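Asker: no letters, just coordinates:
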């Protein structure tokens, strides 16, 4: 027997349990139990209001009111201790989340109470579930495919409405349906070629190269569209890594405080106050920014400040977007030239700040003196906004410019599928490479069995996304990232 399937059988032979809600005091806690002995275990510890009840006799998808009772023996003396008043949900196989018999005990939400009921369940025959093991069983039992399983965790960790919508769509099958359609198209071509090679008298390949070439172009176009969606998808899922840079005392920390609506960063008139980085998550009308405030960039002899400047350069190098703050009331100097050269290959927006004061730096000066290094075809053209933290000026324009840079002015994707998972992108790239080889073979008039090999490779690569071409190690790695009880 295949080692992977032996692993699956072993996994499904025991009953697992975990607290499915957060381990904090709350109104309700849920202890989830799944496996072939789930109902038998609950029979041992549950009593209805009217006395003993047999859960096996209850219908699936019903809720029952009663008590969880600990019947541990102390020496030869049987004990009966009521632990909590509960509501217990019953979902029989295969119509449950895991496709196994599943019971969920809804108890009062104290951490101590949840732990005590969990311990009672374990004493009566269950074992503590591993992280993500309920969802892993749903996948292994054919309840969901791997892309839907990954969407479960994406929903939990969604940081904005777009990410949540995309994850819910994926859970409903948006990725699975597209991948399955592509695989069916590829499989049809493989079957046709193999049938024609086996039975040339009845199935002709005359004119087939032209048809396959057209189908290959369609598949390559679809694959490229989804691969290209990953950059935007990653931003939707994880947010825009935004780093604020500039010379000391230009208003960087004041900007961060304005964004988050509270005094998180220390602001003084003393240059070099910020010596380390400060990170905050900010939501700007649907746009999620992972904002990083950094030390002022300048030449300095102060060793501590020099470390902060080094960190600022490192964070700027890793940024998706840089907000370069310039103090309009202070002349430009060599530090400004150094900063613009450092960020010239990045997406950046210049914030000409303190415009409420007597101006010393104008937009034309910035354009003529600093922006000579701006990359050709920069998405937002002239990326400068006149701002004033004191007057909260320029924030609406900043929001619009960010939308133009990252979402082409529109941050809704309607019903389009957006790839947000790096593993999915890598599988798509492998499939694209194999389909490109099919195209090359067609152009070089190679024998038909060459097409079949590369088509099969593409079919297998797409299967990795939905879990039909994966091994135990990958399954374990994916589900180890899940939270306990899910």
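Answerer: It's in. Note that the coordinates shown come from a computational prediction; the quantities given were computed from them, not determined experimentally.
Asker: what stretches of the stretch 251-400 of the chain score poorly on pLDDT?
Answerer: Along the stretch 251-400 of the chain, the model assigns pLDDT under 70 to residues 260-277, 285-286, 298-306, 371-382.
Asker: which parts of it are helices?
Answerer: For the stretch 251-400 of the chain, the helices defined by DSSP state H, counting those that start in this stretch cover 252-260, 303-317, 334-343, 363-369, 395-407.
Asker: out of these, deepest packed?
Answerer: Highest mean neighbour count of the helices of the stretch 251-400 of the chain: helix 252-260, a mean of 22 (counted as mean count of other C-beta atoms under 10 Å). C-betas here are computed from N, CA, C, even on glycine.
Asker: tilt between it and helix 395-407?
Answerer: 80 degrees (axes from the mean of the first three to the mean of the last three C-alpha atoms, to 10 degrees).
Asker: now for helix 252-260, which elements pack on it?
Answerer: strand 240-246, strand 278-284, strand 287-293, strand 321-327 (3 or more C-beta pairs under 8 Å, 6 or more residues apart in numbering; DSSP states H and E).
Asker: run the last query once more with 10 Å
Answerer: Using 3 or more C-beta pairs under 10 Å, 6 or more residues apart in numbering; DSSP states H and E, the elements in contact with helix 252-260 are strand 240-246, strand 278-284, strand 287-293, strand 321-327, strand 348-353, helix 395-407.
Asker: turn the ones you listed into a markdown table, including distance to residue 201.
Answerer: Shown next, in a markdown table, are those (distance: least, C-beta to C-beta, whole Å):
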| stretch | distance to residue 201 |
| --- | --- |
| strand 240-246 | 61 |
| strand 278-284 | 66 |
| strand 287-293 | 62 |
| strand 321-327 | 63 |
| strand 348-353 | 67 |
| helix 395-407 | 57 |
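Asker: what's the closest of the helices of the stretch 251-400 of the chain to residue 63?
Answerer: Nearest of those to residue 63, taken as C-beta to C-beta: helix 252-260 at 42.7 Å.
Asker: now do the closest one and strand 321-327, the angle between them.
Answerer: Using the same axes, to 10 degrees, helix 252-260 lies at 120 degrees relative to strand 321-327.
Asker: tell me which residues of stretch 437-448 are tucked away?
Answerer: For stretch 437-448, burial by neighbour count (16 or more other C-beta atoms under 10 Å) applies to 437-439, 441-442, 448.
Asker: export the helices of the stretch 251-400 of the chain to a markdown table and tack on distance to residue 18?
Answerer: Below are those laid out as a markdown table (distance: least, C-beta to C-beta, whole Å):
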| stretch | distance to residue 18 |
| --- | --- |
| helix 252-260 | 35 |
| helix 303-317 | 38 |
| helix 334-343 | 47 |
| helix 363-369 | 57 |
| helix 395-407 | 38 |
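Asker: can you put the buried residues of stretch 437-448 in JSON lines and add pLDDT and distance to residue 290?
Answerer: Converted to JSON lines, those look like this (pLDDT from 0 to 100; distance: C-beta to C-beta, whole Å):
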{"residue": "437", "pLDDT": "95", "distance to residue 290": "39"}
{"residue": "438", "pLDDT": "94", "distance to residue 290": "40"}
{"residue": "439", "pLDDT": "94", "distance to residue 290": "40"}
{"residue": "441", "pLDDT": "92", "distance to residue 290": "45"}
{"residue": "442", "pLDDT": "91", "distance to residue 290": "45"}
{"residue": "448", "pLDDT": "82", "distance to residue 290": "51"}
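Asker: quick one, longest strand in the protein?
Answerer: Looking across the chain with DSSP state E, the single longest strand is strand 81-91.
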